[in-house]
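K.L.:
Predicted model follows, preceded by the sequence.
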Amino acid sequence: MARIVLNGKEVEAEVGSNLLLAAMVHGVYIPHFCFHPALTTPAHCRLCLTQVEVEGEKALTTACNAAVVDGMVVDTETEAVAKAREDVLEFTLVNHALDCPVCVRAGECELQDYTHSYGRDHSRFDEEKVVRGKKELGTHVQLYADRCIHCSRCVRFCDEVAGTGELDVFQRGAHTAVDVHPDRRLDNRMSGNVIDICPVGALADKDVGARPPVWTLTGVDSICPGCSAGCNVRIDVGAGQVQRLKPRVNLEVNQYWMCDDGRYGWSYVDDAQRLPFPLVEQGGRQVPVSWDEALAVAHNGLDRIRRINGGGAIAVFFSAHLTNEENYLLARLAKEMWGTDQVGMRLTKDVQGDVRFASGFTIRAEKAPNGHGVRALAAGLHMTLLEEEEIWQAMEVGQIRGAFILGGNPQEQLSEREKQALGKLDFLVVQDMMHSELTRRAQVVLSGATFVEKDGTFANEAGRVQLVRQAVALRERALPDWQILQRLAAVAGRDWHWEHPALLLEEMAGEVGGIFAGLSYAVLQEREPDQPRGGFPYGGGWAMRVQRSGFLNIEDHTK
Amino acid sequence: MPEHRLLLRDIDIPDIEQMDMYVTHGGYDAAERMLAEMASQDVIDEVERSGLTGRGGAWEAVAPKWRAMPAPTATEPNYLCVNANESEPGTFRDRKLIERNPHQIVEGVLIAAYAIGARTAYIYVRDGMARGMKLLEDAIAAAYERGLLGVDIRASGYDLDIYVHPGGGAHIAGEETALLEALEGKRAQPRARTFWPHRTTLFGQPALVQNVGTLAYLPHIIARGAEWFSSLGTQRHPGTCVFCVSGHVRRPGLYEIEMGAATLRELIEEYAGGVRQGHQLKAVLPGGAASVVLTADQIDVRLCPEEWAVPGGGPLQGNFGTGGVIVMDETTSMVDAALNLMQFYARESCGQCTPCREGAPWLRDVVRRVERGQARMEDIGLLESVAAQVSPLLGEETLALCRFAPSFAWAMQGFLRAFGEEFAQYIEAGGCPFPQDKGIKVPDSVSVRF
């Protein structure tokens, strides 16, 4: 440990650690553009100039590439530092398009905030600006080169984190421009992250213009359901709808990043194929019915099979797309009401396998967020998850007559094998949130929720249980899946009354054990590294963490 | 007073670029003796005793830098990187040294590489020196042929390969760390100096960067001994200095004189023959474009970095530069001259760090408005303030990442300090105030695409 003097106060920091981060830990924020904790440090934006003294040698130096040594005297509040920041910001703005009124980044722009906090209130630059125009870089990312301040975070991201190297700095001097290499496109599966790390509006989502301004959004912390990695995300909501997903920082899970599959893969939550109400098959057609009716038909259908053919004639499919709490309820239904041990889980795996990037960030092959949770749940309740094929075979030979399938897969597709097997059933109940080949084969369809419309937990591939939070209201008569299952139990005369999945988790902590042992919402909230603060959305990744630590004081207009 | 030629001694010998001719004139004697009799430490000791300082413009003692190099191992090699990216306006020393006596360079590189135990040396040559590169490559090939390069040179157990690396056309590649970046195959951009710790590396290994004009002294020092070399010049900067005199003088060219043996006035008036007939001296850029411009009455200063002082300016070591003296007579418009320089700097800024990328073109634009008569009086203050904001004149501190930005910031402030009056005349007159503009013509717009 080194003892350093930070703005007159003696504090401890690790020898050799990054000075900018060390200062931050002790509550002293040093503004910066080019620095990012996950990238190499070129120290060329020059905004983090700080007064540092070591062994009598005193200099105005960049904090981002200074290592802490014992006896270092650091001052960020001197006149020289304030002037350096003011001066650098003036230069930064020289060739920056001052188009804040139409810029998609306005309201969460680092340059805007720093200029407000540390800059001058007027510009002395009276010459022609360099005009570079805009350009489509890839499927998702648009470059507004006039706004670029050449921090090179995006270039370093592509080189160091994605390892794909599509971007580079071209030209020199005032004509310096970030661009894709000739004949290449910024189409790696992590490309959206360059938008988060861009401190200004130079890199933006292509569709962002159609969205409400960022200062009208509210952020809700949740988990991406795209694969079993369990990336920590924030769901930004505006006008009652999900507007975007941004990564939250979790060094143990997704670092500062999320992949494009997850970032742009949530549009099904507003899809026309969503199920707004439960359906029951009547005369060859599926017709909307009341919840009471749908649940009664579902219960009677399955109960009849149990009575005639025994519990073993009912197959139950858990869903890796649904929360632990919901699967727990289904497990109890299977055990206590239907008495079946024919339980399984359908799971889509990418034939490509895991996709690993240079930094270690990995898109998992398992295309569901909670496979680990379901497996842990089954193990904890002493249920054996059968191989899918075993169940399909049992259906085919008529051993299984009815089934309850928990869906939730936005890319639901049935294989020929599955279609064939399901065709032999007498009675099929599907609980899902979208019309699909699967729901169309069901006698009863129970309309559930997507991950943005309910609370619960997912366990990622490493068995880390993380909180999923409701961000928007459910439409029409659809219900959160845990409520549907609870009401189904009530039809069968069970007295299940959980007010909230939090209470289910507490029961599971004792009943299931394993990865759930000792868990509660309080424990999980405590464990979230990026504590919510006000819910106001800001950037994503690093920028959001800075804001959440209270370093960027942005008023939350939504409160 | 005669010149004292060391580096330039043999440049007029016909065919000196041929191995045989070079050897006939005593070439490679120093290297042969070194390989036969001296350990690498002996070479460093000798160079230390000679007091040789770097001729790239920093004027730092050479030996301590060599001594600081860690001992190389088979897996942790050292590299020697030779800076021949001479591209400062007003400098043409290295070009001549390379083109007129390439073996002197190769021998110097061999001695330095041997001293630090480097088995690979790169000579980074400015892209414009196609002829020099060819001559260097031929000289290197001849040295291989003669067994002075390659494996186990003269049975000493020492191996050395020298590569000529063509530059990519950037002035900034002459900055030590930018040169290393360029050698690594990246954009020639200076590396940020860390406050702590500080290491110079190539491909992650320790690297010594030395100017080609420094290494050219080594054959002379080894051949004639440290005592002889240190008896020349001044105590802090022994030896000679090659000055490149250009501009409005009768005999522009290279003049090698003992360090401190003449004043700037003597260099211009006696060696270079004075300002051309019928004209008077107006201004001198004493150390290349990067230096602070001097007026006609400021040139009675002795030519050695340690005594280099500008009246009222205090010691100004950086201003001594590399010895590129640009002389301007009264027909030169100082606004034109400043614009010329600012265009150079705006074009050559690597664009990496904010104050330089934005500051250099900003200054250029304002100077251009002054030149075109589109400026207001306040613009003089603006120029001064923007330049000082990048790096205050003669100050150590700068907002920028490397020493390129102080170059133009100081140059701008120097012009305003010495000739601010002339800027004001331009503004008052709404353009060039001189009856007939005989100045260096600057094209209307220099927008160079790279």
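P.N.:
All right, it came through fine.

K.L.:
Can stretch B:202-221 be said to contact chain A?
P.N.:
No: judged by CB under 8 Å from any CB of the partner chain, stretch B:202-221 stays clear of chain A, getting no closer than 13.3 Å. Using the backbone N, CA and C atoms, a C-beta is placed for each residue, glycine as well.

K.L.:
buried sites along that stretch?
P.N.:
B:202, B:206-221 (16 or more other CB atoms under 10 Å in any protein chain shown).

K.L.:
Equivalent analysis for stretch B:2-16, please.
P.N.:
For stretch B:2-16, the neighbour count (16+ other CB under 10 Å) marks B:3-11, B:16 as buried.

K.L.:
now that stretch, how far from the centre of its chain.
P.N.:
With CA atoms, centre = their mean, to the nearest Å as the basis, stretch B:2-16 stands 20 Å off its chain's centre.

K.L.:
what do you get for stretch B:331-348?
P.N.:
Using CA atoms, centre = their mean, the offset of stretch B:331-348 from its chain centre is 19 Å.

K.L.:
do it and chain A meet?
P.N.:
Yes: judged by CB under 8 Å from any CB, stretch B:331-348 and chain A are in contact via B:346-348.

K.L.:
quick one: the strands in chain B?
P.N.:
Using DSSP state E, the strands found in chain B span residues B:79-84, B:120-125, B:161-166, B:201-202, B:205-211, B:240-247, B:253-258, B:281-285, B:294-295, B:309-310, B:314-315, B:324-329.

K.L.:
Would you mind finding the most buried of these?
P.N.:
strand B:79-84 (a mean of 26; mean count of other CB atoms under 10 Å in any protein chain shown).

K.L.:
With pLDDT and distance to B:Ala182 added, can I get the buried residues of stretch B:2-16 in a markdown table?
P.N.:
Below are those laid out as a markdown table (pLDDT from 0 to 100; distance: CB to CB, whole Å):
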| residue | pLDDT | distance to B:Ala182 |
| --- | --- | --- |
| B:Glu3 | 93 | 34 |
| B:His4 | 95 | 35 |
| B:Arg5 | 96 | 32 |
| B:Leu6 | 96 | 30 |
| B:Leu7 | 96 | 25 |
| B:Leu8 | 96 | 29 |
| B:Arg9 | 95 | 32 |
| B:Asp10 | 95 | 31 |
| B:Ile11 | 94 | 28 |
| B:Ile16 | 96 | 30 |
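
K.L.:
Minimum distance to A:Ile30: which of the strands of chain B has it?
P.N.:
Closest to A:Ile30 of those is strand B:201-202 (CB to CB; 26.8 Å).

K.L.:
Give the rounded mean pLDDT of that closest one.
P.N.:
On average, the pLDDT along strand B:201-202 is 94.

K.L.:
Neighbouring strands - and their directions - for it?
P.N.:
Sheet pairing of strand B:201-202 (DSSP bridges) gives strand B:205-211 (antiparallel).

K.L.:
With just CA atoms, put the strand it pairs with into CSV.
P.N.:
The C-alpha coordinates for strand B:205-211 follow below in CSV (Å, rounded to 0.1, in the frame of the first residue of the first chain):
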residue,chain,number,x,y,z
GLN,B,205,12.2,-4.8,-25.7
PRO,B,206,14.7,-2.0,-24.6
ALA,B,207,15.5,0.3,-27.4
LEU,B,208,18.1,3.0,-27.8
VAL,B,209,17.1,5.8,-30.2
GLN,B,210,20.0,7.9,-31.4
ASN,B,211,20.2,10.5,-34.2
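
K.L.:
and the angle from that strand to strand B:79-84?
P.N.:
Angle of strand B:205-211 versus strand B:79-84, following axes from the mean of the first three to the mean of the last three CA atoms, to 10 degrees, is 30 degrees.

K.L.:
what residues does strand B:205-211 touch?
P.N.:
With contacts defined as CB atoms under 8 Å, 6 or more residues apart in numbering or on different chains, strand B:205-211 is touched by B:54-57, B:62, B:65-66, B:69-70, B:72, B:76-84, B:94, B:112, B:116, B:118, B:176, B:179-180, B:199-201.

K.L.:
List only buried entries from the residues you listed.
P.N.:
B:54-57, B:62, B:66, B:69, B:72, B:77-84, B:94, B:112, B:116, B:118, B:176, B:179-180, B:200.

K.L.:
Could I get the contacting residues of the spatially closest residue to A:Glu387 that is not a sequence neighbour?
P.N.:
Nearest non-adjacent residue to A:Glu387, counting by CB to CB, 6 or more residues apart in numbering or on different chains: A:Gly344, 7.2 Å away. Counting by CB under 8 Å, 6+ apart, A:Gly344 makes contact with A:315-318, A:385-388, A:390-391.

K.L.:
ditto for B:Ile380
P.N.:
B:Ile380 neighbours (CB under 8 Å, 6+ apart): B:370, B:416, B:420, B:423-424, B:427.
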